[in-house]
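# Sequence and predicted structure, then a few things I'm wondering about:
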Amino acid sequence: MSELTTTLDEKKLQELEEKFDPEMRFRPVVPPALQIVTWLLIALSCFHYYTAGFGLLRETTHRGVHLAFVLGLIFLVFAASKKSLNQPARPSLLRPGGVPLVDWVLGLACAASVLYIPWVFDDLAFRVGNPDLSDVVMGTILFLTLLEATRRSMGWPLPLIAIGFTIYALFGPYFPGLLKHAGASWSQMINHQYLTSQGIYGVAVGVVATYVFHFVLFGVMATRIGLGQLFLDLAASVAGRYAGGPAKVSVFGSAMFGMLSGSSVANAVTVGSLTIPAMIRVGYRREFAAAVEAASSTGGQITPPVMGAAAFLMVEFLNVPYQTIIAAAIVPAFMHFFGVFMQVHFEAKRFGLRGLTDEEMPRLRESLRQRWPTLIPLVLLISILVMGRTPYLAAFTGITSCAIVGLTTRMSGNGVKNWALMIALHLILVVIAFADLGQQSEWIKLGLFAAGVALALAGWLLAGVTGRIHHRVLVEAFETGAKYALAVGAAAATVGIVIGVVTLTGVGFKISYIITTWAAVIAGGLSAVIPTAFASTPGLTLFAALVMTGVVCILMGCGIPTTANYIIMVTVAAPTLVQLGVQPLVAHFFVFYYGVLADITPPVALAAYAAAGMAGSDPFKTGNMAFRLGLAKVLVPFVFVFSPSLLLVANGFTWYDFSVTFIGCVLGITVLAAALSKFFLVELKRWEQLLCVAAALLLIAPGLVVTLIGAAMALPVVLRQLAAWKLANAAPPTPA
């Protein structure tokens, strides 16, 4: 039996994630620390689950409770150094539960400093701008412990960036030229970062606390009830039987699973645990097999409806409906997966790699019969989003539906009691989802919540229903979902420090001026060799600014996660692009796409390294190969900047522009994939490769004339390939 038909082992997947994802490497703990950490993680998930369905708390209180849990837990689950990870927990008087006493103190101090703001919030109106000593002391504690929490959970790069921005704010008079500013005292710095919503308590923490956490939890729950396995079975049934089948399953499976996870590493580990061994078994090189999974997995962060955290951040930054963001993301995401798929296809044809046999294919009819109810949570979630309700209410509905499906449906033979209970509970859920309970008093909401839980438990127990999962699995999912959110929560708060410095000093405008000045200089040099008929000076200036912005996004992404990278670049670089005439929505998508590229760009390509670890391949070679496979993601952002119609909902959308650009991109990506794979219908000659690369760039570039020129350049290659293919497949002459 093929590895593709093996059921996902959740315990094994968690072990792989902890091995390859630095954000999941927790230190070993023993009682009582084990129980304390477990219940705090579950409490954090319950807090977000309740507020998603029954109304958020006051903004500062909601963010404060979230951040207090997250930062306090980081000191308990992440060790101060990597040496502690492989050592057994040794409890003692100074290490209760295997956690050093200093970490307990730091966790409590950090949580107290976070909750201080909601505690004194009513008095802050009289103190903002003139903080007292207690404000400065508590703010300093949070500032220092936040940097340490981020270092433990994510490494040094992001804290160093935050420290660098802080030094700039404090020592402004000592910087040269345009970067010089009046400077700020430590008290002024803490006032801005701690007492206002422009710093640590800013939009980044707000989005994680309001949206991201809920969708992370939904992804974990959906995987536990078997939706991820159903997606993999569907992908295998659609693409598995064709040439190089397991690699095509990897592309389709990663696209569908990415809708749930929104994490490159989690996607690579989950899908790759099944597809990478199968790819190697049918003949793919180890580096290529790992690279296919890595490149496909990065698509999870650009695939609606979750898109990591970026979709919800864009909603806040751009003040546009969520539906606008996911509509704009559809075509670029398709282009990414299409580019990877075409290279996989040409690679399989070039080396004659087979697909899966009937014995190795999953039984789709059986899989659908057993697992189709797992689609209900996803359908409900997307339906509520499309109908214009809040994303966190949609997540609440999806999480609850996952629990209902998991507890009331069996893998084989669904009884009448199961069906009746599942339908009844879903009807109650739909009523709650559309009752706008957030407008009711807290006592009414708590009463309704308790009544709903009691009714569900009573029905479940009285009906004697045996579900596909045990209730302990749901508890474990709440714990795991909270674990996944710790590192991104700390990163969001630390990025708030960077945003605070930008708003305090105005350095964003200065950086924009520097970028536009250098872009104009580069454009002047290019205009001397490129005729004006092909590119205007403003167009060359924008192109140069895009290249510089893209390079910075990739470099920053090598050390910090996509979400943090996106927020920083939106604050610093996106205004530059807007100043050059790019629509805000388009500018945000550009910096986001280039931030995601860091996951497959050496030297710090986390998704590629995770896949390489499972394939037993060279990590650096895997990263280079993954970058090659993801080249569509490199080129497409330039396309939608110069032709925003590709984003569907951008201003100035026309079907003519969209059709020309879309067809050109599809043809260009296909030709480029053939050039990179050295194969189209038969092996490509060197001159054909070079001509294909040039033709692909022209085909992808927006504009009918340029597209036609690219097509004309590719035509000789296509004709030569057709002739060679017919000759190779011609029947031998019949002997007389």
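Nice, I can see it. All of these numbers come straight from a predicted model, not from anything done at the bench.
# CA only for contacts and neighbour counts going forward, please
Noted.
# Low-confidence stretches in the stretch 51-200 of the chain?
Across the stretch 51-200 of the chain, the ranges flagged by pLDDT under 70 are 84-87.
# got the residue ranges for the helices in it?
With helices called from DSSP state H, counting those that start in this stretch, the stretch 51-200 of the chain shows them at 59-77, 101-119, 121-124, 133-154, 157-170, 186-194.
# Tell me which residues of the shortest one come out buried.
I take that to be helix 121-124. Residues residue 124 are the ones in helix 121-124 that count as buried (16 or more other CA atoms under 10 Å).
# Could you do the first one as well?
Neighbour-count burial for helix 59-77 flags 60-77 (criterion: 16+ other CA under 10 Å).
# what's in contact with stretch 646-659?
With contact meaning CA atoms under 8 Å, 6 or more residues apart in numbering, stretch 646-659 is reached by 324, 327-332, 583, 585-586, 639-640, 643-645, 661-662, 703.
# and it, how far apart are its ends?
9 Å (CA to CA, to the nearest Å).
# Repeat that for stretch 110-129.
Distance across stretch 110-129, first residue to last, is 23 Å (CA to CA).
# can you start the count at 896 instead of 1 from here on
In the new count, where the first residue is 896, that last one comes out as stretch 1005-1024.
# and for that stretch, what are the contacting residues?
Residues outside stretch 1005-1024 that contact it (CA under 8 Å, 6+ apart) are 955-956, 959-960, 962-964, 966-967, 1033-1034, 1036-1037, 1040-1041, 1083, 1086-1087, 1090-1091.
# all helices in the stretch 1096-1245 of the chain, in order from the N-terminus.
Under DSSP H, counting those that start in this stretch, the stretch 1096-1245 of the chain gives helices at 1098-1102, 1108-1119, 1122-1134, 1140-1156, 1159-1177, 1181-1192, 1205-1213, 1217-1246.
# and those as JSON lines, adding mean neighbour count and mean pLDDT?
Output for these, formatted as JSON lines (neighbours: other CA atoms under 10 Å; pLDDT from 0 to 100):
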{"stretch": "helix 1098-1102", "mean neighbour count": "25", "mean pLDDT": "88"}
{"stretch": "helix 1108-1119", "mean neighbour count": "26", "mean pLDDT": "87"}
{"stretch": "helix 1122-1134", "mean neighbour count": "24", "mean pLDDT": "84"}
{"stretch": "helix 1140-1156", "mean neighbour count": "29", "mean pLDDT": "83"}
{"stretch": "helix 1159-1177", "mean neighbour count": "26", "mean pLDDT": "84"}
{"stretch": "helix 1181-1192", "mean neighbour count": "32", "mean pLDDT": "90"}
{"stretch": "helix 1205-1213", "mean neighbour count": "20", "mean pLDDT": "82"}
{"stretch": "helix 1217-1246", "mean neighbour count": "21", "mean pLDDT": "90"}
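# Just want the angle from whichever helix or strand residue 1419 is part of to helix 1052-1065.
Assigned by DSSP states H and E, residue 1419 belongs to helix 1402-1422. With axes from the mean of the first three to the mean of the last three CA atoms, to 10 degrees applied, the angle from helix 1402-1422 to helix 1052-1065 works out at 100 degrees.
# Next, the buried residues of helix 1402-1422.
1402-1407, 1410-1411, 1414-1415, 1417-1418, 1421-1422.
# Around residue 1084, how many other residues sit close by?
Applying other CA atoms under 10 Å, we find 23 residues neighbouring residue 1084.
# And it, how far from residue 1403?
17 Å.
# quick check: mean pLDDT across stretch 1566-1577?
The average of the pLDDT scores along stretch 1566-1577 is 93.
# neighbouring contacts of that stretch?
Outside stretch 1566-1577, the residues that touch it by CA under 8 Å, 6+ apart are 1234, 1237-1238, 1241-1242, 1244-1245, 1523, 1579-1580, 1583-1585, 1587-1588, 1590-1591, 1609, 1616-1617, 1619-1620.
# chain center to stretch 1273-1283: distance?
Put simply, stretch 1273-1283 sits 20 Å off its chain's centre (CA atoms, centre = their mean, to the nearest Å).
# Tell me where the stretch 1396-1545 of the chain has helices.
Assigned by DSSP H, counting those that start in this stretch, the helices in the stretch 1396-1545 of the chain fall at 1402-1422, 1432-1452, 1457-1467, 1469-1474, 1479-1491, 1501-1510, 1514-1524, 1526-1537.
# Deepest-packed of those helices, please.
Burial among the helices of the stretch 1396-1545 of the chain, expressed as mean neighbours by mean count of other CA atoms under 10 Å, is greatest for helix 1501-1510, which shows a mean of 27.
# any idea how far it is from the chain center?
Worked out by CA atoms, centre = their mean, helix 1501-1510 lies 17 Å from the chain centre.
# other SSEs contacting that helix?
On a contact count with 3 or more CA pairs under 8 Å, 6 or more residues apart in numbering; DSSP states H and E, helix 1501-1510 meets helix 905-915, helix 1159-1177, helix 1181-1192, helix 1514-1524.
# Quick one: the ones you listed as TSV, columns for distance to residue 1292 too.
Compiled in TSV, those are given as follows (distance: least, CA to CA, whole Å):
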stretch	distance to residue 1292
helix 905-915	23
helix 1159-1177	23
helix 1181-1192	26
helix 1514-1524	36
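# Go through those helices and name the closest to residue 986.
The closest of the helices and strands packed on helix 1501-1510 to residue 986 is helix 905-915. By CA to CA, the value is 22.6 Å.
# avg pLDDT for the closest one?
For helix 905-915, mean pLDDT is 65.
# just to revisit the earlier point, between the buried residues of helix 1402-1422, which is nearest residue 1156?
Set against residue 1156, the nearest of the buried residues of helix 1402-1422 by CA to CA is residue 1403 (32.5 Å).
# who's in contact with the closest residue to that closest one other than its chain neighbours?
Closest residue to residue 1403 apart from its sequence neighbours, by CA to CA, 6 or more residues apart in numbering: residue 1467 at 4.9 Å. Residues near residue 1467 by CA under 8 Å, 6+ apart: 1397, 1403, 1404, 1406, 1407.
# can you redo those residues as CSV with pLDDT and distance to residue 1388?
Listed next are those as CSV, based on pLDDT from 0 to 100; distance: CA to CA, whole Å:
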residue, pLDDT, distance to residue 1388
1397, 90, 15
1403, 82, 19
1404, 83, 23
1406, 83, 23
1407, 84, 24
